[in-house]
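Colleague: Take this sequence and fold it.
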Amino acid sequence: MILDELAAHARERVAAAKAVRPLEQVKAQAEAAPRGTFRFAQALSGQDLAFICEIKKASPSKGVIDPVFDYRAIAAAYKAAGADCVSVLTEPKWFLGSDEIFRAVRAAIDVPMIRKDFTVDRYQIYEAKLLGADAVLLICTLLDAATLAQYLEICDTLGLSALVETHDADEMRMAIDAGARLIGVNNRNLKDFTVDLDNAARLRALAPTGTVFVAESGVSGPADAAALRRAGADALLVGEHLMRSPDKTAALAALREAAR
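Modeller: Numbers count the residues shown, from 1 in each chain. Sure, this is the predicted structure:
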């Protein structure tokens, strides 16, 4: 199963990183940095549907999405288009991402950013802080309840938002019990990569009042954005659709208009 391979490779990457910079060093540096202001979550909390625009070169299900992949130009286009937040993949093997890409995008735009990776160790949260991230992704499928609660506490200490990703009712309850305030529902099943846009609609009712509800994956055009807004999404994470759009400003404008 690809998710198991992604998690295993993440653990290998963490082990290699720790050999260069030990956990205590990275933790101390992250805690010494100015505390974040949770601006990622705040940017998604308005009255209108918010958009997290994703920068990724490839994916396990689609292969290479953008062979050119001028990520600085993509970041500039997203900012010009009015992206509320930007997501940058840093997973190197299947998504062809890197920390260097994240740093370059962070230096280019002041939009709130999430480091999107497969978090299997608290080390990665401290890394994200030092990269300049405003948020991290925590995937319930990869974590047990106690670990999720611990990671959320670390994020709170650092002032980072945590997008807690769920896929079914049990994971929704796990996220809620852990105290998640920013809950995502992935419409793509990470076990077989099938997409079901109704997944977010089914799980929306479980999210407590006051949480920010993000529908992730599967948006292929304005009609999908409108449907997910009707289902109660506060924000959409859109990747491949925008990455394949030659005019990202027009593509995002069309999604926004459809969702009004």
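Colleague: any idea how far the lowest-mean-pLDDT helix or strand in the chain is from the chain center?
Modeller: Every helix and strand in the chain was compared by mean pLDDT, DSSP states H and E; the lowest is helix 198-204, with a mean of 89. Here the centre of helix 198-204 is set off from its chain's centre by 18 Å, with Cα atoms, centre = their mean, to the nearest Å.
Colleague: cool, stretch 67-87 as well?
Modeller: Here stretch 67-87 is found 15 Å from its chain centre; the criterion is Cα atoms, centre = their mean.
Colleague: residues making contact with it?
Modeller: 40, 43-44, 46, 50-57, 66, 88, 96, 101, 104-105, 108-114, 116, 134-135, 235, 237, 239, 242-243, 248-249, 251-253, 256 (Cβ atoms under 8 Å, 6 or more residues apart in numbering). Every C-beta, even on glycine, is put in place using the N, C-alpha and C of the backbone.
Colleague: Just the ones of those residues in helices?
Modeller: Mapping these onto helices (DSSP state H) picks out 40, 43, 101, 104-105, 108, 242-243, 248-249, 251-253, 256.
Colleague: Now the least confident helix or strand of the chain: buried residues?
Modeller: By neighbour count on 16 or more other Cβ atoms under 10 Å, the buried set for helix 198-204 is Asn199, Ala200, Ala201, Leu203, Arg204.
Colleague: What is the end-to-end distance of stretch 220-234?
Modeller: End-to-end distance of stretch 220-234: 18 Å, with Cα to Cα, to the nearest Å as the criterion.
Colleague: per-residue confidence averaged over it?
Modeller: Taken as a whole, stretch 220-234 has an average pLDDT of 93.
Colleague: Format the buried residues of helix 198-204 as CSV; extra columns: distance to Gly210.
Modeller: Formatted as CSV, the buried residues of helix 198-204 follow (distance: Cβ to Cβ, whole Å):
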residue, distance to Gly210
Asn199, 22
Ala200, 18
Ala201, 20
Leu203, 16
Arg204, 14
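Colleague: so what does the longest helix anywhere in the chain touch, helix or strand wise?
Modeller: Longest helix of the chain, by residue count under DSSP H: helix 2-20. With contacts defined as 3 or more Cβ pairs under 8 Å, 6 or more residues apart in numbering; DSSP states H and E, helix 2-20 has these neighbours: helix 122-131.
Colleague: Kindly export the helix it packs on (C-alpha atoms) in CSV.
Modeller: The C-alpha trace of helix 122-131 is given here as CSV (Å, rounded to 0.1, in the frame of the first residue of the first chain):
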residue,chain,number,x,y,z
ARG,A,122,7.6,15.3,16.1
TYR,A,123,11.0,16.2,14.5
GLN,A,124,9.1,17.2,11.3
ILE,A,125,7.0,19.7,13.2
TYR,A,126,10.1,21.5,14.5
GLU,A,127,11.6,21.3,11.0
ALA,A,128,8.5,22.9,9.5
LYS,A,129,8.7,25.8,12.0
LEU,A,130,12.4,26.4,11.0
LEU,A,131,11.4,26.3,7.3
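Colleague: Off-centre distance for that helix?
Modeller: Computed by Cα atoms, centre = their mean, the chain-centroid distance of helix 122-131 equals 14 Å.
Colleague: and the angle from it to helix 2-20?
Modeller: Interaxial angle, helix 122-131 versus helix 2-20 (axes from the mean of the first three to the mean of the last three Cα atoms, to 10 degrees): 70 degrees.
Colleague: any idea of the mean pLDDT in helix 122-131?
Modeller: Mean pLDDT, computed over helix 122-131, is 98.
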